[in-house]
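Participant: Mind looking at a prediction? Sequence and model below.
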Amino acid sequence: MKPVWVLGNGQLGNMLQQAAAPLAISVTPCGFDDTPPQLPDNAVISAEIEQWPDTPLTRALSQHPGFVNPHTFPRLADRQTQKQLIDSLQLATSPWQALDTPHDWPALFARLGDTVMVKRRTGGYDGRGQWRIHAQNIDTFPTEMYGACIVEQMIPFESEVSLVGARSRDGQCVFYPLTHNLHQDGILRASVAHPEHTSAHLQRQAEQMLGSLMHALEYVGVMAMECFVLGDQLLINELAPRVHNSGHWTQAGASASQFELHIRALQDLPLPTPVVSAPAVMINLIGTALNTDWLSVPLARLHWYGKEVRAGRKLGHINLTHPEPQQLCAALQALQPLLPEEYQSGLAWAQQQLR
């Protein structure tokens, strides 16, 4: 097997390393300021993040001939070029426009509505770098951000879902069931995958959308697509050319996790459609110190990232899966007294999705 290096040594890079170990594949996550390694000619390079600083390490890895998807990362890291790609394929997404100067506002409001969502083209994540703007609060928008943002129409969506899929070099695509997601303050709090509750129509629509994008990019590996649900239609919100937070449930709930599928695609290994035979739940642990009492819940599988605890920081997640939804609900109820107040609405939401 070819050795793999990953740009970034956060939790995603580390979980790729863990998934590759049973296959005897060497995966080395690299911090951006690490000393550049001596890479063999057959090295395979991937990344756990869309954008990275310019350092000797990132130059060495991103310019290596074994770097996979080199043109996709910058294209999808920029929300403007990402939106342009989606539009070029005639896939549904929120109406949008670039924001270059303060003089753009009247035309933007006339086209997109009285209240709009402004997003940084690059660098914003987990709700950061986003502003809800209407005519009365234009003055709150940072003047230095003109020319660095796009504006989207506010969408009165019913729910949020994501699709995680993988594509091989020869163009084979496989997908997981749609995942239902709960975001609060722009950050993912919980995900639920319930194959029996998945709309076949929405699943087909999502697979067609993500498949079209991966083929257009000649992408290799795992990609995630976040969507808004409006009745029987999906609108693409964002794309991530990597393993994704909303796919963490696959570690417990599928025959092969998203991390294993990514490694398989990079290595040209068989890529069968993963089997998902039971509902699964993922609870993000955000800004909360480690509590080993979580391990007292039999169905709870803890993934702790070993980071310094900070407010708003993703520090770990808990996966739960069981063939009977009522057993999953009971496990979520057992977690309720073990988690702070800000988790209670997410736990209740997850239980509602299972009913």
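Facilitator: Sure, I can see it.

Participant: going forward, measure contacts and count neighbours with C-alpha atoms only.
Facilitator: Will do.

Participant: Go ahead and name everything in contact with stretch 95-113.
Facilitator: 80, 115-116, 134-135, 146-154 (C-alpha atoms under 8 Å, 6 or more residues apart in numbering).

Participant: For the closest residue in space to Ala254 that isn't next to it in sequence, give its distance to Ile25.
Facilitator: In this structure, Ala254 finds its nearest non-sequential neighbour in Val276, 4.7 Å apart by C-alpha to C-alpha, 6 or more residues apart in numbering. Note on Val276: its distance to Ile25, by C-alpha to C-alpha, to the nearest Å, is 24 Å.

Participant: picking that back up, for Ser168, state which of the contacts of stretch 95-113 is nearest.
Facilitator: Gln80 (26.6 Å; C-alpha to C-alpha).

Participant: Strands of the stretch 151-300 of the chain, start to end?
Facilitator: Using DSSP state E, counting those that start in this stretch, the strands of the stretch 151-300 of the chain run over 159-167, 173-175, 179-184, 187-193, 221-230, 233-240, 280-286.

Participant: Counting by contacts, list what the third one packs against.
Facilitator: The one in question is strand 179-184. Packing partners of strand 179-184 (3 or more C-alpha pairs under 8 Å, 6 or more residues apart in numbering; DSSP states H and E): strand 159-167, strand 187-193.

Participant: Now tabulate these in TSV and tack on distance to Pro29, mean pLDDT and mean neighbour count.
Facilitator: Shown next, in TSV, are the helices and strands packed on strand 179-184 (distance: least, C-alpha to C-alpha, whole Å; pLDDT from 0 to 100; neighbours: other C-alpha atoms under 10 Å):
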stretch	distance to Pro29	mean pLDDT	mean neighbour count
strand 159-167	20	98	24
strand 187-193	24	97	25
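
Participant: And the ones you listed: which comes nearest Ala265?
Facilitator: Using C-alpha to C-alpha, the helices and strands packed on strand 179-184 put strand 159-167 closest to Ala265, at 6.7 Å.

Participant: quick one, the closest one and strand 179-184 angle?
Facilitator: Relative orientation of strand 159-167 and strand 179-184, computed by axes from the mean of the first three to the mean of the last three C-alpha atoms, to 10 degrees: 130 degrees.

Participant: Could you list every helix and strand in contact with strand 159-167?
Facilitator: Applying 3+ C-alpha pairs under 8 Å, 6+ apart, we find strand 159-167 packed against strand 173-175, strand 179-184, helix 200-217, strand 221-230, helix 258-267.

Participant: mean confidence for the last one?
Facilitator: When pLDDT is averaged over helix 258-267, the result is 98.

Participant: Now do it: everything it contacts.
Facilitator: The contact list for helix 258-267, computed with C-alpha under 8 Å, 6+ apart, reads 1-2, 15-16, 19-20, 44, 68, 164, 166-169, 220-222, 243, 247-248, 250-251, 270-271.

Participant: again, only this time at 7 Å
Facilitator: Contacts to helix 258-267, defined as C-alpha atoms under 7 Å, 6 or more residues apart in numbering, come from residues 2, 15-16, 19-20, 166-168, 220-222, 243, 247, 250, 270-271.

Participant: For this structure, which residue occupies the most central location?
Facilitator: Nearest to the geometric centre of the chain sits His244, at 3.3 Å (C-alpha atoms, centre = their mean).

Participant: Am I right that that one is in contact with Met225?
Facilitator: No - contact between His244 and Met225 fails when scored by C-alpha atoms under 7 Å: they sit 9.1 Å apart.

Participant: Let me see the ranges of the helices in the protein.
Facilitator: Ranges of helices in the chain, per DSSP state H, are 11-20, 56-62, 72-77, 79-88, 105-112, 200-217, 250-253, 258-267, 325-335, 344-354.

Participant: could you point out where the chain is predicted with low confidence?
Facilitator: 126-127 (pLDDT under 70).

Participant: Report the beta-bridge partners for Gln130.
Facilitator: With DSSP bridges as the criterion, Gln130 is bridged to Lys119.
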